[in-house]
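Colleague: Need the 3D shape of this:
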Amino acid sequence: MYVTRSVYALGVIAIIAILVGGCSNLGTKEDKTKDWSVQRLYDTAKASLNGGDYETAIDYYQKLEARYPFGRFAQQSQLEIAYAYYKYEEPASALAAVDRFIKLYPGHPSLDYAYYLKGLINFNRGKGFVTAIIERYVPSDDSQRDTSSLRDAFQDFAELTRRFPDSTYANDATQRMLYLRNTLAQHEIHVANYYMDRKAFLAAANRAKFVVENYQRAPSVAEALVIMAKAYKLLELDGLARDALRVLELNFPDHPGINEVANLAVRS
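Modeller: Just a heads-up that it's a prediction; the model follows:
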């Protein structure tokens, strides 16, 4: 009986050893890129990026940066991995990568692109793959989403156009800034209307006034003046109401809000 148990125990130990050895071999899978040159690593990463295989591209770029942290390939990889993260829908990693590039290489010839890419990342932050599919059929209103990333994008594009006015990306950045400006103004209108619905008229007037003062020439300015005139009238601040209505009539003489303000009844 003692011999049988000993044999059984030895058998169990042998099986465990085989299993552990097998797991160990799995955990130490040979890296096929270990002897690759920096040129080969970069070219393979770039090919993966161009082919839309962003996960593989990120892996190769990371290997390149770890093994060859200096030189032009490392610099270019740091910029391109930011784009790969952006396309792979990992905005936090993309922003970290592009910020690192901007900090490390303030005189790089592609610095304008870095700011442009940073703007794009923030511009599209919060818009994942599912959102993009939905918007093909049901267009969304960016002014009703969280605007913090849109404000960041505006600042990024503004920095680009200020520092690199002749950049290839400056014109597109300017157009995006115009869109963002109008979107941010419309967001304030949504908030102002929210306050109006809840009879918080002073808060509504202040948000509308912010639009008039900070987003001149935005399409939302007319609606902001209407809200101001209505809110002030309901607050019985007649002088301020008349001022807002006068500006509305002068700049938007055919706006339907003029009659709305005139017909607004103030309850005692």
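Colleague: Please, which helix or strand holds A231?
Modeller: Here A231 sits within helix 221-234, counting by DSSP states H and E.
Colleague: roughly how far is the next helix or strand after that helix from the heart of the chain?
Modeller: Secondary structure here is assigned by DSSP H and E; on that basis, the next helix or strand after helix 221-234 toward the C-terminus is helix 238-251. A distance of 38 Å separates the C-alpha centroid of helix 238-251 from that of its chain, computed with C-alpha atoms, centre = their mean, to the nearest Å.
Colleague: What helices and strands are in contact with helix 238-251?
Modeller: Packed against helix 238-251, as judged by 3 or more C-beta pairs under 8 Å, 6 or more residues apart in numbering; DSSP states H and E, are the following elements: helix 221-234, helix 257-262. C-beta here means a position set from N, CA and C on the backbone, and glycine is covered the same way.
Colleague: most neighbours per residue, which of those?
Modeller: Each of the helices and strands packed on helix 238-251 was assessed for mean neighbour count using mean count of other C-beta atoms under 10 Å. The highest is helix 221-234, with a mean of 24.
Colleague: what number of residues lie near the closest residue to Y54 other than its chain neighbours?
Modeller: Ranked by C-beta to C-beta, 6 or more residues apart in numbering and with sequence neighbours excluded, the top spatial neighbour of Y54 is Y88, at 4.0 Å. The tally of other residues near Y88 (other C-beta atoms under 10 Å) stands at 17.
Colleague: repeat for L248
Modeller: In terms of burial, L248 registers 22 neighbours under the definition other C-beta under 10 Å.
Colleague: got the contact list for it?
Modeller: Under the criterion of C-beta atoms under 8 Å, 6 or more residues apart in numbering, the contact list for L248 reads 222, 225-226, 229, 255, 257-258, 261.
Colleague: same thing but at 6 Å, please
Modeller: The neighbourhood of L248, defined by C-beta atoms under 6 Å, 6 or more residues apart in numbering, consists of L225.
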